[in-house]
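1. Predicted model and sequence below, questions to follow.
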There are 2 protein chains.
Amino acid sequence: MAGVAGPAAVVLVSGGLDSATCLAIARAGGFRCFALSFAYGQRHEAELRAAERVARSLGAEQHRVMSIDLAAFGGSALTDRTIAVPESATPGIPVTYVPARNTVFLSLALAWAEVLQARDIFIGVNAVDYSGYPDCRPEFIAAFERLANLATRAGVEGSEQIRIRTPLIDLSKADIIRRGLALGVDFAATVSCYQADDDGRACGRCDSCRLRREGFVAAKTPDPTRYR
Amino acid sequence: MAGVAGPAAVVLVSGGLDSATCLAIARAGGFRCFALSFAYGQRHEAELRAAERVARSLGAEQHRVMSIDLAAFGGSALTDRTIAVPESATPGIPVTYVPARNTVFLSLALAWAEVLQARDIFIGVNAVDYSGYPDCRPEFIAAFERLANLATRAGVEGSEQIRIRTPLIDLSKADIIRRGLALGVDFAATVSCYQADDDGRACGRCDSCRLRREGFVAAKTPDPTRYR
């Protein structure tokens, strides 16, 4: 896709359904997309292979996988194998919350954006059908955008402002699925499960699988997820 | 130092003069200190060896070195060897600025703090004798603190607030040196130079060397820096 016109944007791509749709929206908006994924010590690598497929199939200009060992800190079922992934909903912030994960991811996206002179950072957070994570809320995103404009050259030199774009934030999971399908996202290539096997097949029982499955039902469209 | 009482704090330790003094202040304030350094693709490893010496000699409870490959993004003389470190002052933000570095470092400190249930994060930024980096300014720190309290469990559960502590922010370099000496910091163990050699010897010419040297002169105390 080198040579395509349009402003550059950094897009966080996890390999899941939401970020795939987010990337498709950024591309449809005319952005040259620099996809960024993280090997952060998550339970499985299947989602990184999914991120690679998603980035390629949706025409990202580049895709980078950055390593950060959040598992060294632990404190989450997603990075510490001694904490089980819950298979039923629990009140409050679930143990699958990874401390400060979106802050870390957005910070690194900001670093890349500044080098690329990109003014737009896309993240597929969603405040409707989500898991109760503090760093998916609109007030968190607004605070990060404010920070981003103080943290960088843009804040000092008064150049164009950095925008944190969250096109999914007010959508239901069903809306996200419909939007993605309309933009040609192949959801079979995505992996949402917190404990997918090496082949990317989903457990069908964790919170992320439950939200995804309910989304396909509500969207009245076939669920292409491969369950094990 | 295991078993020492006092609240836990994460302290960013670079191996330089400022963060060594910051760690000494945190220890003097009764905190159990969890020192965090980064192998982020900087030009030399001497500062990480200095960070290890500083953390040990000042009684940090733990010291971790986390790898993040900011050099993959480039865009700074500190992470890209094709950009020369300037040896005279330049107007504006210098090329030694590493895009979003303090945002990335504070984000990872926040992740560790949340796992440790620490409420205090110390960073040795300084707004007086500094190099004009946007992410050393008080308004950046205030914005990060606000973000930190929205990003984490603390923000949702209304538990005790996270504080970003910047004990050096209003001090001159000479003040920092005097404060550190009073607290027993061995500045000979620290490395400030942007292009130190493998043995930790300073160039004496870069902006960081210049600020440090002027600080010792103004503090009227011998400069223990080993120049090459």
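-> Alright, I've got the coordinates.

2. Is chain B within reach of the longest helix belonging to chain A?
-> Ranked by residue count and defined by DSSP state H, the top helix of chain A is helix A:101-116. Yes - using CB under 8 Å from any CB of the partner chain, helix A:101-116 reaches chain B at A:101, A:102, A:103, A:104, A:106, A:107, A:108, A:110, A:111, A:112, A:114, A:115. The way it works is simple: take the backbone N, C-alpha and C, and place the C-beta from them, glycine included.

3. In three-state terms, label residue A:11 for me.
-> Three-state assignment for residue A:11 (DSSP: H, G, I helix; E, B strand; the rest coil): strand.

4. contacting residues around it?
-> By CB atoms under 8 Å, 6 or more residues apart in numbering or on different chains, residue A:11 lies in contact with A:19, A:22-23, A:26, A:31, A:33-36, A:60, A:121-123.

5. where does it sit relative to chain B, distance-wise?
-> Look at residue A:11 and chain B: by CB to the nearest CB, to the nearest Å, they are 15 Å apart.

6. Just the pLDDT for that residue.
-> Confidence at residue A:11, expressed as pLDDT, is 98.

7. what about it, distance to residue A:144?
-> Per CB to CB, to the nearest Å, residue A:11 is found 15 Å from residue A:144.

8. contacts for the helix or strand of chain A with the lowest mean pLDDT?
-> The helix or strand of chain A with the poorest confidence is helix A:153-157; it has a mean of 75 (mean pLDDT, DSSP states H and E). Helix A:153-157 is contacted from outside by A:114, A:119, A:148-149, A:159-162, B:92-93, B:97, B:99, B:132, B:134, B:140, using CB under 8 Å, 6+ apart.

9. Give the buried residues for the next helix-or-strand element following that helix.
-> Of the helices and strands lying after helix A:153-157 in sequence (DSSP states H and E), the nearest is strand A:163-165. Buried positions in strand A:163-165, judged by neighbour count with 16 or more other CB atoms under 10 Å in any protein chain shown: A:164, A:165.

10. bridging residues for residue A:122?
-> residue A:11, residue A:165 (DSSP bridges).

11. Run through the residues that contact it.
-> Contact partners of residue A:122, counting by CB under 8 Å, 6+ apart, are A:9-12, A:22-23, A:25-26, A:31, A:33, A:165-167.

12. With distance to residue A:46 added, can I get these in a markdown table?
-> A markdown table is the format used below for these (distance: CB to CB, whole Å):
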| residue | distance to residue A:46 |
| --- | --- |
| A:9 | 26 |
| A:10 | 23 |
| A:11 | 20 |
| A:12 | 18 |
| A:22 | 19 |
| A:23 | 18 |
| A:25 | 24 |
| A:26 | 23 |
| A:31 | 27 |
| A:33 | 22 |
| A:165 | 27 |
| A:166 | 25 |
| A:167 | 25 |
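
13. Closest one of these to chain B?
-> Using CB to the nearest CB, residue A:10 is the member of the contacts of residue A:122 that sits closest to chain B, with 10.2 Å.

14. Quick one: classify residue A:221 as helix, strand or coil.
-> Residue A:221 is classified as coil under three-state DSSP.

15. From residue A:177, how far out is it?
-> Noted for residue A:221: a distance of 6 Å to residue A:177, by CB to CB.

16. Show me which of the two is the more surrounded one.
-> residue A:177 (25 against 14; other CB atoms under 10 Å in any protein chain shown).

17. host element of the more buried one?
-> Assigned by DSSP H and E, residue A:177 falls in helix A:173-182.

18. Report all helices and strands that that helix contacts.
-> Other elements packing on helix A:173-182 under the criterion 3 or more CB pairs under 8 Å, 6 or more residues apart in numbering or on different chains; DSSP states H and E are helix A:17-28, helix A:207-218.

19. which outside residues touch that helix?
-> A:17-18, A:20-21, A:24-25, A:126, A:128-129, A:168, A:171, A:187, A:211-212, A:214-216, A:218-219, A:221.

20. out of the residues you listed, which are buried?
-> A:17-18, A:20-21, A:24-25, A:126, A:129, A:168, A:171, A:187, A:211-212, A:215-216, A:219.

21. Could you single out the nearest of the residues you listed to chain B?
-> Nearest to chain B, judged by CB to the nearest CB, of the buried ones among the contacts of helix A:173-182 is residue A:126 at 16.3 Å.

22. So for stretch A:112-129, what gets flagged as buried?
-> A:112-116, A:118-127, A:129.

23. and if you look at stretch A:87-94?
-> Quick answer for stretch A:87-94 (16+ other CB under 10 Å): residue A:94.

24. correct me, but residue A:203 touches residue A:209?
-> Yes - Residue A:203 is within contact range of residue A:209, at 5.8 Å (criterion: CB atoms under 8 Å).

25. what ranges of chain A fall below the confidence cut-off?
-> A:1-4, A:129-131, A:155, A:158-159 (pLDDT under 70).

26. Which residue of it lies farthest from its centroid?
-> residue A:157 (30.1 Å; CA atoms, centre = their mean).

27. and the gap between that one and residue A:117?
-> On the measure of CB to CB, residue A:157 and residue A:117 end up 12 Å apart.

28. next structured bit after the longest strand along chain A?
-> Determined from DSSP state E, the single longest strand within chain A is strand A:32-39. Sequence-wise, the next helix or strand downstream of strand A:32-39 (DSSP H and E) is helix A:46-57.

29. Any residue of that following helix touching chain B?
-> No - using CB under 8 Å from any CB, we find that helix A:46-57 stays clear of chain B, coming within 15.6 Å at best.

30. quick one, that helix and helix A:17-28 angle?
-> Helix A:46-57 runs at 20 degrees relative to helix A:17-28, counting by axes from the mean of the first three to the mean of the last three CA atoms, to 10 degrees.

31. by contact count, what packs against helix A:46-57?
-> On a contact count with 3+ CB pairs under 8 Å, 6+ apart, helix A:46-57 meets helix A:17-28, strand A:32-39, strand A:62-67.

32. Pick the most buried one from those.
-> helix A:17-28 (a mean of 26; mean count of other CB atoms under 10 Å in any protein chain shown).

33. So what touches that helix?
-> Here helix A:17-28 makes contact (CB under 8 Å, 6+ apart) with A:9, A:11-13, A:33, A:35, A:51, A:54-55, A:58-60, A:120, A:122-126, A:165, A:167-168, A:173, A:176-177, A:179-180, A:183-185, A:187, A:189-190, A:192, A:212, A:215.

34. Give me the distance between the residue lying closest to residue A:137 once chain neighbours are set aside and residue A:28.
-> Of all residues not flanking residue A:137 in the chain, residue A:127 sits nearest, at 6.0 Å (CB to CB, 6 or more residues apart in numbering or on different chains). Applying CB to CB, one obtains 22 Å for the distance of residue A:127 from residue A:28.

35. Enumerate every residue touching the closest residue to residue A:64 other than its chain neighbours.
-> Spatial nearest neighbour of residue A:64, chain neighbours left out: residue A:36 (5.5 Å); criterion: CB to CB, 6+ apart. Residue A:36 sits next to A:10, A:11, A:12, A:13, A:63, A:64, A:66, A:105, A:108, A:109, A:112 when contact means CB under 8 Å, 6+ apart.
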